[in-house]
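Undergrad: Just to be clear, the model below is a prediction. Sequence and coordinates:
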Amino acid sequence: MTSGYGRFALARAGQAAVVVLLAYVLTFLVISVLPGDAITNSLRDPQSGLSEADIQRIVQYYGLDQPVLVQLALSLGRFLTGELGFSLQSNLPVAQIVGDALPSTLTLASTALAIAVVFAIGIAYGAHYAPPRWAGLLRSIPSFFLSVPNFVIGLVLIELFAFRLHAFTTTDPNSATATLFAAVTLAIPVSAPLAEVLIASLDHESRQEYALVARSRGLDGAQLFARHLVKPSALPSVAMVALIVGELLGGSVITETIFGRDGIGTVVQKAVTGEDQPVLQAVVSLSAVVFVAVNLAADLLTPLLDPRVNVREAANA
Amino acid sequence: MSAPNPGGPTTGKDTTVPETKPSPLLGVEGLHVAYGDRKVVHDVGFTLARGGSLALIGESGSGKSTIAKAVLRLLQPAEASVGGSVRLAGTEVLSLPERQFRALRGRQLGFIPQDPGSALNPVRSIGTQAHEAAALTGERDAAVRRRIILEVFEQVGLPDPVRVYDSYPHQLSGGMLQRVLIALTVLPRPSLIVADEPTSALDVTVQKLILDLLGDLRKELDIGLLLITHDLAIAAERADTLVVLKDGAVQEQGPAAQVFAAPRTDYARNLQADVPALNPDRYRSQRTGAPQDTLQRTWQDSASQDVATQDGTTADSTTADATTADRPAQIAVTDVTKSFRTRGKEVRAVDGVSFAVERGRTHALVGESGSGKTTAVRLLLGLEQPDSGTITVGGHSTAGLTRAGLRDVRRHLQLVYQNPFTSLDPTWRVGRIIREPLDRFGVGSTADRDHRVREALQSVGLPDDASDRRPAQLSGGQRQRVAIARALVVRPDVVVLDEPTSALDVSVQAGILELLARLQRDLGLTYVFVSHDLALVRQMADTVSVLRRGQVVEHGTVDQVFDRPQHPYTRALLDAIPGTSGLASPAMADAPAEHRHIPKLAEAAV
């Protein structure tokens, strides 16, 4: 198992790296075919206050006087050595801009993910073991969660908890409580599909004969859930979590704006309006890295959860 | 909790039992179960003595599994309402609070399910699931529990218990899984085991081993057994008392010997008559319409020539020219080999197989899972090409044919598949299903096709209006009739029957077999009959090849093979037929003397 699993993990990690590189190339090409030469435009802007020597240096750095493919090669080479370039708006290193914004967004997204998972498990468990009347109500929650846009949830939470109950203040968006409410806002729509998948797979698994046989061995509802049903039901949910991360990244832009947090969302917003190509390139690549990494984790987790998955065959697939 | 029929006469014969006599292990009285408005069990009552065994027999829909689940209280309260009384060692269990009843589960009441393949959690190791059963003994030390588990694995005859302990369910065979489940059930030493069709998903030889094991353990540990089965032969062989159920009501109950040998009700009589093992000659006369001995002689002539081929004297003697002109071989399979590569290993699925079938006769391919019978059928149908050897159907070789050529062969060679619940498209109406091959092969005009569909429906005994129904509106037996009609509508010469009745109840099976026998007589069809059920083969076939690991270990006429089996494997298969090996069965050994004449009776019948 171990050596087979090691080879499987290596193969999957290799595939993931290829995906990240392709995403980088694609982003670069998309930005470069967009109308208007973003870099030159902002460089030639009289308000940028750059001297001719500075401009010359920057043009050389990005290879702007050379064909697109050469620019791509230069850019890719820098990306591979970890160099992200400089913002065209502020002249700060992109790594620094992103690095400053990242902790806030990561805290928000990971808290939201944790809350979403807890919500989903709670709803699914309740939908199964609560008295029938409550269970029916719980089953309708996911579709309700999905149908409310998250800016509405955010505004309602701010109105209720910040302005009426004074649980947190909007002037200090990075406090623990404010972060928690922002995370709840982000978590609610994200937990809905997860809860639905969990409910469906719990339904499926609890109808299987092994669940009946396990009950005949004297297991009660909670034991059956924890020992027998969680693991097989988690299998489709793990894939779902990997997809949800994409939604978290997108949703965080809106949530950050509503709660006034400075994060990646704000960076993206500024970069898009200011046509700040290096920052955009970095943020999109970063998203690709996160997305691919989470999916890689889900891939690597599946054979550990399900012994029926043959890693040798999966590695060759 | 009393029976919900206050107006009707009460069953008042056993109402005072618990006070005076020592209470029986299990006493069921006036049991009613309803799924919503649909009542599926009516006023069922029986008692099972301590250490005794009782079989509930019935066909699908008879309510036997529902009764088992009601006794185990495994029915969901939201789905089923249960009334009446179930007493376990004098304690009323239906009214017991869930918490108190849960303490009885496993410890007092064990459950062995039908399909071992789905009865263990696929993503947890056998060992972790075994610990749940071991925990019921109250043992807290995990190391001690592990030792107990390995001991009980040893006891149920599992080779290499440590490997089994560390395995996941998908890594073990069905027979091994059922041994694991039996081990887990007997481990906490329950006083009653409910076994719901414990062997119906297993091969016959494995089935016998499992039933023997269950009988031995029962005797050794003094456990009562409530056996749920559709197989009267198994029930009679393995239980002291039989309860025959139909539509949720008891038809007849009594000592096994009495119910089995001298059934009082028509239903039980029919059930008995439909068991293939007990009535081997049932279809013989109507199938051939010829006296048996003539038939046999004719076959033996060709069989001796067939043997000559096996010795390698002449390669072509089995084909049409070998047999006399009036009896040409419809199908000749000569020295066919087919291998598959799986995980770098080469597996010979079919290894040097030869057989020949005369026109209008039935040849059976018998074997257990993995014997190569499915591959043999695929080769015959041209779905696979053999690595070596030749297959001719009606004198034409199926090898190296073009697509059009294969289509032509297939038209004369139709398949009736095992499971009529999955082989018919649920969204199509019956008429369209039967008509499809006519459209495919472009047979006749539109009016012609309609006519032939009606004709096919009639020939399989379905009403004309059946053609407007969808498969879901038909019973299993009717669906299989549709599948047969679909095969017959193109007027084939050869029909391959791949376990055509294994998904059906025994009485439905009898109807289908009767139909097949009649069609063969009327239309002169040649059958290739694939089955693992030797009793059925004896009823249906003229000649038989016994397959094991891709090779023919024995072949000949049915009488030769069944009366004078030469190969030990054939003998093992024959011994495994329930109802024929009662003398060796542990359930019988300790039965009262009056029960013992069953095996003799069964032997005399076979």
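TA: Yes, it's here. Since we're looking at a predicted model, the values are computed, not measured.

Undergrad: Would you map the helices across the stretch 101-250 of chain A?
TA: In the stretch 101-250 of chain A, the helices defined using DSSP state H, counting those that start in this stretch lie at A:132-147, A:150-157, A:176-206, A:209-216, A:221-223, A:230-259.

Undergrad: Residue numbers of the stretch 101-250 of chain A in contact with chain B?
TA: A:132, A:208-210, A:212-220, A:227-228, A:231-232, A:235 (Cβ under 8 Å from any Cβ of the partner chain). Quick note: C-beta positions are derived from backbone N, CA and C, even for glycine.

Undergrad: Now do the contacts for the closest residue to residue A:83 other than its chain neighbours.
TA: With Cβ to Cβ, 6 or more residues apart in numbering or on different chains as the criterion, residue A:83 has its nearest non-adjacent residue at 7.6 Å, and that residue is residue A:95. Residue A:95 makes contacts with A:82-84, A:282, as judged by Cβ atoms under 8 Å, 6 or more residues apart in numbering or on different chains.

Undergrad: domains of the chain?
TA: Answering for chain A, as no chain was given. A:2-80, A:94-273 (automatic domain parsing).

Undergrad: my bad, chain B
TA: Split by automatic domain parsing, chain B gives B:1-108+B:192-273, B:117-189.

Undergrad: Lowest average pLDDT across those domains?
TA: Across the domains of chain B, domain B:1-108+B:192-273 has the smallest mean pLDDT, namely a mean of 83.

Undergrad: ok, and does that one reach over to chain A?
TA: Yes. Counting by Cβ under 8 Å from any Cβ, chain A has neighbours in domain B:1-108+B:192-273: B:72, B:74, B:78, B:102-107.

Undergrad: picking up where we left off before, tabulate the helices of the stretch 101-250 of chain A (a markdown table), appending mean pLDDT.
TA: Output for the helices of the stretch 101-250 of chain A, formatted as a markdown table (pLDDT from 0 to 100):
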| stretch | mean pLDDT |
| --- | --- |
| helix A:132-147 | 86 |
| helix A:150-157 | 86 |
| helix A:176-206 | 90 |
| helix A:209-216 | 89 |
| helix A:221-223 | 84 |
| helix A:230-259 | 84 |
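
Undergrad: And residue A:67, how far from chain B?
TA: Separation of residue A:67 from chain B (Cβ to the nearest Cβ, to the nearest Å) stands at 49 Å.

Undergrad: Phi and psi next, for that residue.
TA: Per-residue torsions, residue A:67: phi -60, psi 160 (degrees, to the nearest 10).

Undergrad: circling back to that earlier point, now secondary structure, distance to residue B:510 and neighbour count too, for the residues of domain B:1-108+B:192-273 next to chain A, in CSV please.
TA: Shown next, in CSV, are these (DSSP: H, G, I helix; E, B strand; the rest coil; distance: Cβ to Cβ, whole Å; neighbours: other Cβ atoms under 10 Å in any protein chain shown):
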residue, secondary structure, distance to residue B:510, neighbour count
B:72, helix, 32, 23
B:74, coil, 32, 17
B:78, coil, 38, 8
B:102, helix, 43, 18
B:103, helix, 45, 12
B:104, helix, 40, 20
B:105, strand, 38, 22
B:106, coil, 39, 25
B:107, coil, 42, 18
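
Undergrad: Who are the contact partners of the residue in the stretch 1-150 of chain A positioned nearest to chain B?
TA: Residue nearest to chain B within the stretch 1-150 of chain A (Cβ to the nearest Cβ): residue A:132, separated by 6.3 Å. With contacts defined as Cβ under 8 Å, 6+ apart, residue A:132 is in contact with residue B:78.

Undergrad: ok so, going back, so which of the helices of the stretch 101-250 of chain A gets nearest residue A:70?
TA: Shortest distance between residue A:70 and those, using Cβ to Cβ, is found for helix A:230-259: 31.2 Å.

Undergrad: on contacts alone, who are the packing partners of that closest one?
TA: Packing partners of helix A:230-259 (3 or more Cβ pairs under 8 Å, 6 or more residues apart in numbering or on different chains; DSSP states H and E): helix A:94-129, helix A:150-157, helix A:176-206, helix A:264-273, helix A:277-305.

Undergrad: List the buried residues of the longest one.
TA: Of the residues in helix A:94-129, those scored as buried under the neighbour-count criterion (16 or more other Cβ atoms under 10 Å in any protein chain shown) are A:94, A:97-98, A:101, A:104-105, A:107-109, A:111-113, A:115-117, A:119-121, A:123-128.

Undergrad: how much space between the spatially most central residue of chain A and residue B:332?
TA: Residue closest to the average C-alpha location in chain A (Cα atoms, centre = their mean): residue A:245, at 3.1 Å. According to Cβ to Cβ, to the nearest Å, residue A:245 and residue B:332 sit 63 Å apart.

Undergrad: Strands of the stretch 401-550 of chain B, residue ranges please.
TA: Here the stretch 401-550 of chain B has its strands, by DSSP state E, counting those that start in this stretch, at B:413-416, B:494-498, B:526-531, B:543-548.

Undergrad: can you redo those strands as JSON lines with distance to residue B:574 and mean neighbour count?
TA: Shown next, in JSON lines, are the strands of the stretch 401-550 of chain B (distance: least, Cβ to Cβ, whole Å; neighbours: other Cβ atoms under 10 Å in any protein chain shown):
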{"stretch": "strand B:413-416", "distance to residue B:574": "26", "mean neighbour count": "24"}
{"stretch": "strand B:494-498", "distance to residue B:574": "21", "mean neighbour count": "23"}
{"stretch": "strand B:526-531", "distance to residue B:574": "14", "mean neighbour count": "25"}
{"stretch": "strand B:543-548", "distance to residue B:574": "10", "mean neighbour count": "25"}
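
Undergrad: Export these as CSV, with columns for distance to chain A and mean pLDDT.
TA: As requested, the strands of the stretch 401-550 of chain B are exported to CSV (distance: least, Cβ to the nearest Cβ, whole Å; pLDDT from 0 to 100):
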stretch, distance to chain A, mean pLDDT
strand B:413-416, 29, 89
strand B:494-498, 26, 91
strand B:526-531, 26, 91
strand B:543-548, 28, 92
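
Undergrad: before we move on, back to that, please read off the pLDDT at the residue nearest to residue A:83 from the model.
TA: pLDDT for residue A:95: 87.

Undergrad: how much space between it and residue A:87?
TA: 10 Å.

Undergrad: picking that back up, make a markdown table out of the strands of the stretch 401-550 of chain B and add distance to residue B:251.
TA: A markdown table is the format used below for the strands of the stretch 401-550 of chain B (distance: least, Cβ to Cβ, whole Å):
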| stretch | distance to residue B:251 |
| --- | --- |
| strand B:413-416 | 31 |
| strand B:494-498 | 31 |
| strand B:526-531 | 29 |
| strand B:543-548 | 35 |
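
Undergrad: how about residue A:115, what does it touch?
TA: A:183-184, A:187, A:191.

Undergrad: Out of the residues you listed, grab the one that's most surrounded.
TA: Ranked by the number of neighbours (other Cβ atoms under 10 Å in any protein chain shown), the contacts of residue A:115 place residue A:187 first, at 31 neighbours.

Undergrad: which ones are touching that one?
TA: Counting by Cβ under 8 Å, 6+ apart, residue A:187 has contacts A:111-113, A:115-116, A:119.

Undergrad: Only the buried residues of stretch A:271-280, if you could.
TA: Buried residues in stretch A:271-280, defined by neighbour count with 16+ other Cβ under 10 Å: A:271, A:274-280.

Undergrad: Out of those residues, the closest to chain B would be?
TA: Nearest to chain B out of those is residue A:280 (Cβ to the nearest Cβ; 43.0 Å).

Undergrad: Find me the pLDDT at that closest one, would you?
TA: Residue A:280 carries a pLDDT score of 85 in this model.

Undergrad: pretty sure it contacts residue A:270?
TA: No. Contact criterion Cβ atoms under 8 Å: residue A:280 and residue A:270 do not qualify, at 10.1 Å.
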